[in-house]
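Engineer: my questions concern the predicted model and sequence given below.
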Amino acid sequence: MSYAERYDEWLSTIPETDRAWETVKSVSESIEELGLSDAEIVKAHPDLVERLHSLVDYPALGMPTIELGVSPDDDPEDTELLLGLLLPHVSMLRANARLLIADTKLAEDPDRVLLNLRSIQQLEQYCSIVDTMIEGLVIIELDDQMCDFVLNDQRHMKNYNSDQLFKLASIFGSNRLWEPATRFIRSERAMEENFLDWIYIDSVEDHLSLRGAKRLIRLETDDEPKEVMAQIMKNSVGPRSVQAPIFDTAELAAIKDLAEPIAGKSEFASRSMLAADELQPDKHGFKYSPVGLMLPAYDRFVLRVLTARTKRDASRFVIAAYRHRELHGEFPSSVAEIDDNLLPKPPIDPYTGKPLRIRIKGDRVVIYSLGPDLDDDQGRALFEHRFVLRAEYEGFDEQQLQDWDGDWVLTAPN
């Protein structure tokens, strides 16, 4: 039974009245038709936001890859079906999350803010259909929007009572679906096997067939010159038996990268793999093309996960600091001052492996990482907010070293 048949069979078990995603889709379509900014839509059409709020009453509907029975042995044509289902779905969820964030920024009522954040959290659950990295990235993007609200707009929390702060902490303290990021990497590996099935369809002696060559060209270019077709079928694109182990190595390397701190890391493993001579394109540009198309996604995914973990840790830290003030009358000066029941898991600085730092500036909490220079600049912000790996930092000239003489500040600058 193909993926399409299994999906239809699963879909038939869900009553139409329980298909929350159809409500989500109708909201997205309404947004697109209006052609307004998110804030304008929220002000003019509050009914759209209310429909999104109703999602918090639904159970999470969706089924991971393993339950749908998707495997490397599936019909390769299902790869196109999966992408056809997945890409419009995640695009729709992103649009709806933006609407909820716009309403959150406009809201004066803390209870409405909490309702919006819970609704975005529910949208995150709808992201995972087949657990590929693209879904993981969308979940992280939605999570980022929630974190940015806490990190950059503390004026809301200044007036929250203890019960509202507790509810806010519960939202950010719960396990996110992307937390076991290795799940997305392993599922991506299964999808890559399907991708190889699709490219190497009707393969002859482990090389591309005419059908496979046409499929590969369709991904790379609209042209199909005969000389390129002949070249990639036998010579330019390596045999499948060579490509598949490269994906295996990339999977293990990405999982290892996720488990290691940024400090001391020169570069991500998949990036160094791509630089290897045997993966460089030949004059036709197609050598090991399946690997070349997919491999860069690994290090981008790892970087986004590590960044998102840091932002979520910082968000929990900010909320815990406000709860500490509610209990003790003043903000804490370090993680160590915060009770374990307010912050059970210390927020980790990815550069040092130690807790993130905190400074209080007036009535504002500043959370920061030491950054690539590994020294404490008392919360003086770097000019740019991004991870810098060791190899890049060691290659900086004198001016760049001055520019990066500061801390990675995770809260708003003012």
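Structural biologist: Yes, it's here. None of the values given here were measured: they were computed from a predicted structure.
Engineer: may I ask which helix or strand of the chain has the lowest mean pLDDT?
Structural biologist: helix 65-68 (a mean of 46; mean pLDDT, DSSP states H and E).
Engineer: next secondary structure after that helix?
Structural biologist: Using DSSP states H and E, the helix or strand that follows helix 65-68 in sequence is helix 78-106.
Engineer: buried stuff in that next one?
Structural biologist: Buried residues in helix 78-106, counted by 16 or more other Cβ atoms under 10 Å: 78-79, 82, 86, 89-90, 92-105. All C-beta atoms are positioned from the backbone trio N, CA, C, and that covers glycine.
Engineer: how far does the helix or strand just after that helix sit from the chain's center?
Structural biologist: Sequence order places helix 110-127 as the next helix or strand after helix 78-106, per DSSP H and E. How far helix 110-127 lies from its chain's middle: 17 Å, per Cα atoms, centre = their mean, to the nearest Å.
Engineer: and the helix or strand following helix 110-127 with helix 110-127, angle?
Structural biologist: For helix 110-127, the following helix or strand on the C-terminal side (DSSP H and E) is helix 133-152. Between helix 133-152 and helix 110-127, the angle comes out at 170 degrees (axes from the mean of the first three to the mean of the last three Cα atoms, to 10 degrees).
Engineer: mean confidence for helix 133-152?
Structural biologist: Average pLDDT, helix 133-152: 90.
Engineer: so for stretch 255-271, mean pLDDT?
Structural biologist: pLDDT averaged over stretch 255-271 gives 79.
Engineer: and for the nearest residue to R240 once chain neighbours are set aside, the neighbour number?
Structural biologist: With sequence-adjacent residues excluded and distances taken as Cβ to Cβ, 6 or more residues apart in numbering, R240 is closest to Y200, at 4.7 Å. The local packing of Y200 (other Cβ atoms under 10 Å) involves 25 other residues.
Engineer: same deal with the one 5 residues further on?
Structural biologist: Neighbourhood size, E205 [other Cβ under 10 Å]: 6.
Engineer: report pLDDT for L61.
Structural biologist: Per the predicted model, pLDDT is 51 at L61.
Engineer: low-scoring pLDDT stretches of the stretch 201-350 of the chain, where are they?
Structural biologist: In the predicted model of the stretch 201-350 of the chain, residues 217-236, 270, 272-290, 292-293 satisfy pLDDT under 70.
Engineer: mind listing the strands for it?
Structural biologist: Taking DSSP state E, counting those that start in this stretch, the stretch 201-350 of the chain contains no strands at all.
Engineer: helices along that one, start to end?
Structural biologist: Remark: helices assigned in the stretch 201-350 of the chain by DSSP state H, counting those that start in this stretch are 210-220, 226-231, 240-259, 269-274, 289-294, 296-328.
Engineer: out of these, nearest to D8?
Structural biologist: helix 210-220 (24.9 Å; Cβ to Cβ).
Engineer: that older thread, could you dump the helices of the stretch 201-350 of the chain to TSV with mean neighbour count and distance to Y393?
Structural biologist: Converted to TSV, these look like this (neighbours: other Cβ atoms under 10 Å; distance: least, Cβ to Cβ, whole Å):
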stretch	mean neighbour count	distance to Y393
helix 210-220	17	35
helix 226-231	14	41
helix 240-259	17	17
helix 269-274	19	15
helix 289-294	21	27
helix 296-328	21	15
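Engineer: TSV please, covering these and showing distance to Y351.
Structural biologist: Listed next are these as TSV, based on distance: least, Cβ to Cβ, whole Å:
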stretch	distance to Y351
helix 210-220	38
helix 226-231	46
helix 240-259	15
helix 269-274	19
helix 289-294	29
helix 296-328	9
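Engineer: and those helices: which comes nearest E50?
Structural biologist: Per Cβ to Cβ, nearest to E50 of the helices of the stretch 201-350 of the chain: helix 296-328, 26.2 Å.
Engineer: who does that closest one touch, helix- and strand-wise?
Structural biologist: Judged by 3 or more Cβ pairs under 8 Å, 6 or more residues apart in numbering; DSSP states H and E, helix 296-328 is in contact with helix 133-152, helix 162-173, helix 181-199, helix 240-259, helix 269-274, strand 364-369.
Engineer: I'd like these as CSV, with distance to D405 appended.
Structural biologist: What follows is the helices and strands packed on helix 296-328, written out as CSV (distance: least, Cβ to Cβ, whole Å):
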stretch, distance to D405
helix 133-152, 23
helix 162-173, 31
helix 181-199, 32
helix 240-259, 27
helix 269-274, 26
strand 364-369, 14
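Engineer: C127: which of these is closest?
Structural biologist: helix 133-152 (4.8 Å).
Engineer: alpha carbons of that closest one, as CSV, please.
Structural biologist: This file holds the C-alpha atoms of helix 133-152, laid out as CSV (Å, rounded to 0.1, in the frame of the first residue of the first chain):
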residue,chain,number,x,y,z
MET,A,133,13.8,18.8,9.0
ILE,A,134,11.7,21.4,7.1
GLU,A,135,8.9,20.8,9.6
GLY,A,136,11.4,21.1,12.5
LEU,A,137,12.5,24.4,11.1
VAL,A,138,9.0,25.7,10.9
ILE,A,139,8.3,24.6,14.5
ILE,A,140,11.5,26.5,15.5
GLU,A,141,10.3,29.6,13.6
LEU,A,142,7.0,29.6,15.5
ASP,A,143,8.9,29.0,18.8
ASP,A,144,11.2,31.9,17.9
GLN,A,145,8.2,34.3,17.5
MET,A,146,7.1,33.3,21.0
CYS,A,147,10.6,33.8,22.5
ASP,A,148,11.0,37.1,20.7
PHE,A,149,7.9,38.4,22.4
VAL,A,150,9.2,37.5,25.8
LEU,A,151,12.8,38.7,25.2
ASN,A,152,12.0,41.9,23.4
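Engineer: my read: G371 touches D403, true?
Structural biologist: No: the criterion here is Cβ atoms under 8 Å, and G371 misses it with D403 at 11.3 Å.
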